[in-house]
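K.L.:
can you look at this prediction? I've put the sequence above it.
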Amino acid sequence: RDRLDFDSPAMCSVTLRTNAVYVCLTCGKNVAGRAPGSPAFTHALQNREHRLFLALDSSLIHCLPDGYRVQDASLDDITNAYRPNLSADSVAALDAKPRSRRLYNGAVYVQGVTGLDALPNAPLALNACVQSLLAAPVLRDLMLLLPDIELRPAD
């Protein structure tokens, strides 16, 4: 679990595709597709212990090369880390509880604060302004409760 980095772009490390990308839950490598011959399928065949993959578009976990969906409560922490489901009550409680949390691997993070990848074609000052605005509780709460919106560059 310590090799998973959900802040990296959802892009296949082999083909550079951005659709149908899966992350190997053993090594954290992003690979595309589940079909025979796809990078994810090949990765599972070449690495005997690498069988579980998280679909980055749906948050479903699949076993490859067998091709079935895995539903196991022991994997819920991974799907919740990738795509947290926050209620209005849990977001409202962020300021009432201590904000510093420790992960299973010992790393400390601030609960309710999410880092941003650098915005493409934007000056560093703009990124700093967005980070500062998100530290304001009203804006932070709004952003945490918004449904997932995928922003793609205009063609």
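P.N.:
Structure received.
K.L.:
for the longest helix belonging to the chain, packing partners?
P.N.:
Identified as the longest helix of the chain according to DSSP state H is helix 124-134. Helix 124-134 is packed against helix 137-145, with contacts defined by 3 or more C-beta pairs under 8 Å, 6 or more residues apart in numbering; DSSP states H and E. Placement of C-beta: from N, CA and C, glycine included.
K.L.:
buried set for the helix it packs on?
P.N.:
Burial within helix 137-145, assessed by neighbour count using 16 or more other C-beta atoms under 10 Å, is assigned to Arg140, Asp141, Leu144.
K.L.:
picking that back up, and the longest helix of the chain with helix 137-145, angle?
P.N.:
Helix 124-134 runs at 100 degrees relative to helix 137-145, counting by axes from the mean of the first three to the mean of the last three C-alpha atoms, to 10 degrees.
K.L.:
picking up where we left off before, closest to Leu60 out of the buried residues of helix 137-145?
P.N.:
Nearest to Leu60 among these, counting by C-beta to C-beta, is Leu144 at 22.7 Å.
K.L.:
from the chain's centroid, how far away is the longest helix of the chain?
P.N.:
Centroid separation for helix 124-134 versus its chain: 21 Å, with C-alpha atoms, centre = their mean, to the nearest Å.
K.L.:
just stretch 75-94 next, same as before
P.N.:
With C-alpha atoms, centre = their mean, you get 12 Å for stretch 75-94.
K.L.:
how about the CA coordinates for that stretch, as PDB?
P.N.:
These are the backbone C-alpha positions of stretch 75-94, laid out as PDB (Å, rounded to 0.1, in the frame of the first residue of the first chain):
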ATOM      1  CA  LEU A  75      -9.400  -3.400   0.200                       C
ATOM      2  CA  ASP A  76     -11.900  -0.700   1.200                       C
ATOM      3  CA  ASP A  77      -9.100   1.500   2.600                       C
ATOM      4  CA  ILE A  78      -7.500   1.600  -0.800                       C
ATOM      5  CA  THR A  79     -10.700   2.700  -2.700                       C
ATOM      6  CA  ASN A  80     -11.500   5.200   0.100                       C
ATOM      7  CA  ALA A  81      -7.900   6.700  -0.200                       C
ATOM      8  CA  TYR A  82      -8.300   7.000  -4.000                       C
ATOM      9  CA  ARG A  83     -11.800   8.400  -4.000                       C
ATOM     10  CA  PRO A  84     -13.000   9.400  -0.500                       C
ATOM     11  CA  ASN A  85     -16.700   9.500   0.100                       C
ATOM     12  CA  LEU A  86     -17.300  12.400   2.500                       C
ATOM     13  CA  SER A  87     -20.600  13.300   4.100                       C
ATOM     14  CA  ALA A  88     -21.600  16.800   5.000                       C
ATOM     15  CA  ASP A  89     -21.300  15.800   8.700                       C
ATOM     16  CA  SER A  90     -17.700  14.400   8.300                       C
ATOM     17  CA  VAL A  91     -16.600  17.600   6.500                       C
ATOM     18  CA  ALA A  92     -18.200  19.800   9.100                       C
ATOM     19  CA  ALA A  93     -16.300  17.800  11.800                       C
ATOM     20  CA  LEU A  94     -12.900  18.500  10.300                       C
END
